[in-house]
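Novice: Got a predicted model here, sequence first, then my questions.
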Amino acid sequence: MTNVLTGAAAVLLSFFLVVSPLAAAPTSPSRDKAPVAAAWSPQEKALVTAAFEQHVALSYVQANLTPTGLPLNVYRRALIGFYSLQQRGTASSRSQILSIVDFSRSSTQKRLWVIDVAKGRLLHHTLVAHGKSTGEEYARTFSNREGSEMSSLGFYVTGTTYQGKHGLSLKLHGVDAGYNTNALSRAVVVHGAEYVSQEFIRQHGRLGRSQGCPALPVDQTPAIVRSIKGGTVLFANGPTSSSYQSAWLNLDSALYAFARTKGLPIHLS
């Protein structure tokens, strides 16, 4: 079984490196680059880069993400931000849980994934709502503005839980400047909602919509909230038309955190 997984990962990796090279990660400000990356020799950086790309492909296969519809390139972007946030100490390095929302998919499809990156295991895969003013079946427009009732793209770090009008809910801290930093003041939180269900889809041809919150099916919310609370990373990906870019999509920063997490024998000069 291991050979099958490794072979499949190698195929994915070969395809990914040819079709989508490292330049796919947006250029970010120099202050967001890991200072230690400049001290790596070319050979050391090449070794860590190869290990990272193999990890992307292998963990994608191990978690059996292909049949779920999560694009490999979206998963890779989420991992780059995941490790970059850990490198900067913005997200907890103790937890290897990564959540991904892909707003490029129809709201009638399951578009939330919660993944244990360390174990290569998919923990949750379910429906998630977008904001009322973001679109009907598809999410089209996004905003960080107060009162917009739109969803916001980018990277979040989960906070504390509380009991609200929707039951157990989870605070989100937006950490992507210009995209989601008003999440806390806008009360954009993870919560359950009756309009997030297959029954609602059957009646209306789309999922119900929130005021900007990534609302979840009521019966699944407590388990998901418990899985992702307390400093884990959530990445909300948008359609290609959103022109989203982020300083957290910095490969150098991600590589250093990844190397440290994996205990790679990299000798820095």
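Specialist: The structure has been received and is ready for your questions.

Novice: Which other helices and strands does the longest helix seen in the chain contact?
Specialist: In the chain, with assignment by DSSP state H, the single longest helix is helix 42-62. Helices and strands touching helix 42-62, by 3 or more CB pairs under 8 Å, 6 or more residues apart in numbering; DSSP states H and E, are helix 2-19, helix 72-87, helix 251-262. No exception for glycine: its C-beta is placed from N, CA and C like everyone else's.

Novice: Would you single out the least confident of the ones you listed?
Specialist: Mean pLDDT values for the helices and strands packed on helix 42-62 show the minimum at helix 2-19, a mean of 43.

Novice: quick one: contacts for L234?
Specialist: 98-101, 155-158, 172, 214, 228 (CB atoms under 8 Å, 6 or more residues apart in numbering).

Novice: For the nearest residue to I97 once chain neighbours are set aside, give me phi and psi.
Specialist: Excluding its sequence neighbours, the residue lying closest to I97 (CB to CB, 6 or more residues apart in numbering) is T232, at 4.4 Å. Backbone torsions of T232, given as degrees, to the nearest 10, read phi -90, psi 170.

Novice: any idea how far T232 lies from A63?
Specialist: Counting by CB to CB, to the nearest Å, the gap from T232 to A63 is 16 Å.

Novice: State the pLDDT value of G263.
Specialist: For G263, the model assigns a pLDDT of 85.

Novice: Correction: the previous question concerned V114.
Specialist: 98.

Novice: Over to W40?
Specialist: W40 carries a pLDDT value of 81.

Novice: And for Y156?
Specialist: Taking Y156 on its own, its pLDDT is 98.

Novice: if I look at it, how far off is Q198?
Specialist: Taking CB to CB, one finds Y156 at 26 Å from Q198.

Novice: neighbour-wise, which of these two wins?
Specialist: Y156 (31 against 11; other CB atoms under 10 Å).

Novice: so who does the closest residue to S197 other than its chain neighbours touch?
Specialist: In space, and not counting its chain neighbours, S197 is closest to P217: 5.9 Å by CB to CB, 6+ apart. Taking CB under 8 Å, 6+ apart, we find P217 in contact with 126-127, 192, 196-197.

Novice: Mind checking which of these land in strands?
Specialist: Judged by DSSP state E, the subset of the contacts of P217 located in strands is 126, 192.

Novice: Out of the contacts of P217, who's the most crowded?
Specialist: V196 (26 neighbours).

Novice: Distance check, the residue nearest to I97 against I201.
Specialist: Look at T232 and I201: by CB to CB, they are 28 Å apart.

Novice: What is the neighbour count of R145?
Specialist: Residues near R145, counting by other CB under 10 Å: 12.
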